[in-house]
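Engineer: 3D, please:
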Amino acid sequence: MLKRPSDFIMDKLEKIFVAGHLGLVGSALIRRFEAGGFGNLVKRDRSQLDLADEQAVRNFFAQEKPAVVVFAAAKVGGIKANTDFPVEFLLDNLRIQNNIIHAAHDSGVRKLLFLGSSCIYPKHAPQPIPETALLSGPLEPTNEAYAIAKIAGIKLCQAYAREYGANFVSAMPTNLYGPNDNFDLLSSHVLAALLRKAHEAKTRKARELVVWGSGKPRREFLHVDDLASACLFLLEKYDSAEIINVGCGEDISIRELAELICDVVGFDGKLAWDATKPDGMPRKLLDVTKLRDLGWRATIPLREGIARTYDWFRANCAQ
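Structural biologist: All right, here's what the predicted structure looks like:
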């Protein structure tokens, strides 16, 4: 049953651990917390804490004793990376999340927010996808390993809530983009990959930009700063073990996305479609009714978000 807002305001001095604070999501969370005046943020990069090392994670939690944990650490990638490395996507993510969730409970964490992914839902789920679609059909094969790991994390959080009364909640973000995204063409997601391709095509003065698939699949995109805002909202307003979707409630075809990115970047060449490459799920739009009923909505329009991301890319990644 969906719980109504509790109107709990987090203590600005509470110790908050953001697992994966250097990544796309984690860095956005840090920005949001800092902007909100939260001054007791615990950060550990991989050289300081190996999240796959069970004993190291247990020692960290025993020593630091964070009150709140946001789980934003994961091995992530696009269709190619998921297809090429299913063992790593499954094992690495299982190890990391099991270690953190278990240690969080043992150390007495007050609240944990586990961030999953929209890829947990079946390939042919109803659209928009409601939270009840989880485990209702076969997964999309191109991201199955990652999805299974995330589903295991959700179920572990729910198990701790049911067996021990832990306040462990799980949010399912839609496709994300923004500053600190991965722009490596071998492992990036579609929006970041298209942004880089369009920039490089413009730089080379190419006449054509090749895009994977048919361009027909539809996807929803949420700026990562909107996700960070939603996470703080859920930490204060949501205490149910039921999963909750986080998205903007609107989707766009990959063809339309490519055209929009080319317009933002200023590439005026031709788009070509490589139909030998996979499309992935035909459509993936989340039903965000539950979140909207609680009072949260995305605020960053897609074009504006892409323009901001392109500015960041040029300042930090462009050659």
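
Engineer: And stretch 294-310, what's buried?
Structural biologist: Across stretch 294-310, burial judged by 16 or more other Cβ atoms under 10 Å covers 294, 296, 298, 300, 302, 305, 306, 308, 309, 310. Glycine gets a C-beta too; all of them are placed from N, C-alpha and C.

Engineer: Tell me where the model's unsure across the protein.
Structural biologist: 1-7, 319 (pLDDT under 70).

Engineer: For the chain, which segments count as strands?
Structural biologist: 16-19, 41-42, 68-71, 111-115, 168-173, 175-177, 208-212, 218-219, 221-223, 244-246, 252-253, 270-274, 283-284 (DSSP state E).

Engineer: can you list contacts of the fifth one?
Structural biologist: Contacts made with strand 168-173 from outside it, assessed by Cβ atoms under 8 Å, 6 or more residues apart in numbering, are listed as 25, 101, 104-105, 111-118, 120, 131, 153-154, 157-158, 160-161, 222, 227, 230-231, 234, 238-241, 243-247, 286.

Engineer: In CSV: the strands of the chain, plus distance to residue 32.
Structural biologist: As requested, the strands of the chain are exported to CSV (distance: least, Cβ to Cβ, whole Å):
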stretch, distance to residue 32
strand 16-19, 10
strand 41-42, 11
strand 68-71, 10
strand 111-115, 13
strand 168-173, 14
strand 175-177, 14
strand 208-212, 32
strand 218-219, 24
strand 221-223, 12
strand 244-246, 13
strand 252-253, 25
strand 270-274, 35
strand 283-284, 25
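
Engineer: Which of those sits closest to residue 125?
Structural biologist: Taking Cβ to Cβ, strand 283-284 is the member of the strands of the chain nearest to residue 125, at 8.2 Å.

Engineer: hey, where'd the helices end up in the stretch 51-200 of the chain?
Structural biologist: 54-64, 79-84, 86-106, 144-164, 190-204 (DSSP state H, counting those that start in this stretch).

Engineer: Burial check on the residue lying closest to residue 128 once chain neighbours are set aside, number of neighbours?
Structural biologist: Leaving aside its chain neighbours, residue 128 sits nearest to residue 287 (3.9 Å; criterion: Cβ to Cβ, 6 or more residues apart in numbering). Look at residue 287: counted by other Cβ atoms under 10 Å, it has 19 neighbours.

Engineer: Wait, residue 287 touches residue 244, no?
Structural biologist: No: Residue 287 lies out of contact with residue 244 (Cβ atoms under 8 Å); the separation is 10.5 Å.
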